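>>> Below are the sequence and a predicted model; questions follow.
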Amino acid sequence: MPEVLEIVVRTLFAVVVLFFLTKILGKRQASQLSFFEYITGITIGSIAAYISLDTDKTWHLGLIALGVWVGCSLLIEFLQIKSKKARDFIDFKATVLIKDGKILEENMKKERVSTDELLEELRKKDVFKLADVEFAIMESDGAINVLQKRENMPLTPKDLGIKVAPEKETLAVIMDGEIMDEPLDTLNLSRKWLQTELEKLNLTVKEVFLGQVDSYGELTVDLYADNVKVPQPQDKPQLYALLKKCEADLELFGLSTKNKAAKQMYGNCSEQLQELLQKLKPFIQN
């Protein structure tokens with residue numbers, strides 16, 4: 001076999017082997033890699049390059065080395081999952097850099113973090129004033145997480161006593177102009193329902209680049225034609241407006257009638273509808 005062709009074959013072989021070994025090792029973002037996993041990744045890449053380019057007859061030994069490295073990595077991951085002591089020994093421990101709003105200089109020196117680097121990391125978390133920080137910790141991967149003082153944290157609906165509807169996963173039911181049956185089945189919806197919703201928007205499946213349905217059954221679409229504006233569904237706001245009108249009508253009927261029993265009935269119905277609207281508001285009002 002010519003040397004050039006042999007290198008091409010070896011390279012393709014190394015790519016396939018690396019692909020399957022990577023699948024075995026699992027998926028992690030580069031920022032989530034531990035120190036040992038980072039070294040393992042570099043070493044495995046170097047061995048794969050050796051398998052591709054080494055022209056002597058010992059290149060197959062690189063496969064054995066790859067297997068050993070992957071085996072060691074899997075063993076260490078297993079130990080990390082099973083033992084807290086193993087995790088602390090293999091990975092770096094998290095280090096507190098700011099506690100109760102005060103910088104811990106000794107921990108800064110230990111982690112070799114300068115004041116400028118700390119301030120830079122705080123700015124990445126949208127914190128520009130040290131006095132706003134309650135707690136900051138450097139994780140084992142080197143990332144710095146920050147907890148701001150309570151008075152500086154943004155308000156949430158819970159802080160204001162507002163009930164918000166629970167949010168669930170939004171699923172893609174149309175992708176690249178094709179209907180996805182599995183997500184529709186997960187949502188207990190049919191193709192007929194989807195076609196009906198598209199007809200409301202005067203669209204066909206082939207015009208839709210991406211279509212998603214949320215947990216409340218509302219369809220939103222992105223079209224291939226970027227200059228076309230898609231009308232937003234108005235069913236829920238219209239329903240809310242209709243219920244509010246019913247509530248106002250009941251109050252009006254209660255005020256206009258002279259019959260005490262009817263006035264009481266209209267008042268009770270109005271109050272019940274008002275309570276119902278408060279419960280439904282997070283779900284049907286945009």
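Arrived safely, thanks for sending.
>>> what comes up buried for the host helix or strand of residue 64?
If you go by DSSP states H and E, residue 64 is part of helix 61-82. If you call a residue buried by 16 or more other CB atoms under 10 Å, then helix 61-82 has these buried ones: 62, 66, 69, 70, 73, 76, 77, 80. (Glycine included, C-beta is placed from N, CA and C.)
>>> can you pull the pLDDT of the fourth one?
Yep, that's residue 70 we're talking about. Looking at residue 70, its pLDDT is 78.
>>> Kindly report the same for the fifth one.
Taken from the predicted model, the pLDDT recorded for residue 73 is 79.
>>> Leaving out chain neighbours, which residue sits closest to it?
residue 40 (4.9 Å; CB to CB, 6 or more residues apart in numbering).
>>> still on that earlier bit, next secondary structure after the helix holding residue 64?
Counting by DSSP H and E, what follows helix 61-82 is helix 84-90.
>>> Do you have the helices of the stretch 101-250 of the chain handy? List them.
Applying DSSP state H, counting those that start in this stretch to the stretch 101-250 of the chain gives helices spanning 105-110, 115-124, 181-186, 191-200, 235-256.
>>> Quick check: which of the ones you listed is nearest to residue 45?
helix 115-124 (28.5 Å; CB to CB).
>>> For that closest one, enumerate the helices and strands it packs against.
strand 133-138, strand 144-148 (3 or more CB pairs under 8 Å, 6 or more residues apart in numbering; DSSP states H and E).
>>> Just the buried residues of the lengthiest helix in the chain, please?
For the chain, the longest helix by residue count, based on DSSP state H, is helix 260-284. Buried residues in helix 260-284, counted by 16+ other CB under 10 Å: 266, 269, 270, 273, 277, 284.
>>> My understanding was that the first one contacts residue 256; is that so?
Think residue 266. No: contact criterion CB atoms under 8 Å: residue 266 and residue 256 do not qualify, at 9.1 Å.
>>> Can you pull out the residues in contact with stretch 188-200?
Outside stretch 188-200, the residues that touch it by CB atoms under 8 Å, 6 or more residues apart in numbering are 173-174, 179, 181, 184, 204-205, 208, 211, 213, 217, 219, 221, 233.
>>> one more time with 7 Å, if that's ok
Under the criterion CB atoms under 7 Å, 6 or more residues apart in numbering, residues 173, 179, 184, 204, 205, 213, 219 lie in contact with stretch 188-200.
>>> What of stretch 134-146?
Against stretch 134-146 from outside (CB under 7 Å, 6+ apart): 31-32, 34, 91-101, 111, 121-122, 125, 127, 133, 147-149.
>>> Drop anything exposed from the residues you listed.
Judged by 16+ other CB under 10 Å, buried ones among those: 34, 91, 95, 97, 98, 111, 121, 122, 127, 133, 148.
>>> Just put these in JSON lines and tack on pLDDT.
Shown next, in JSON lines, are the buried ones among the contacts of stretch 134-146 (pLDDT from 0 to 100):
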{"residue": "34", "pLDDT": "63"}
{"residue": "91", "pLDDT": "70"}
{"residue": "95", "pLDDT": "89"}
{"residue": "97", "pLDDT": "93"}
{"residue": "98", "pLDDT": "92"}
{"residue": "111", "pLDDT": "88"}
{"residue": "121", "pLDDT": "90"}
{"residue": "122", "pLDDT": "92"}
{"residue": "127", "pLDDT": "90"}
{"residue": "133", "pLDDT": "92"}
{"residue": "148", "pLDDT": "91"}
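>>> Turn those into CSV, including distance to residue 197.
CSV is the format used below for these (distance: CB to CB, whole Å):
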residue, distance to residue 197
34, 46
91, 49
95, 52
97, 51
98, 51
111, 54
121, 46
122, 46
127, 44
133, 48
148, 42
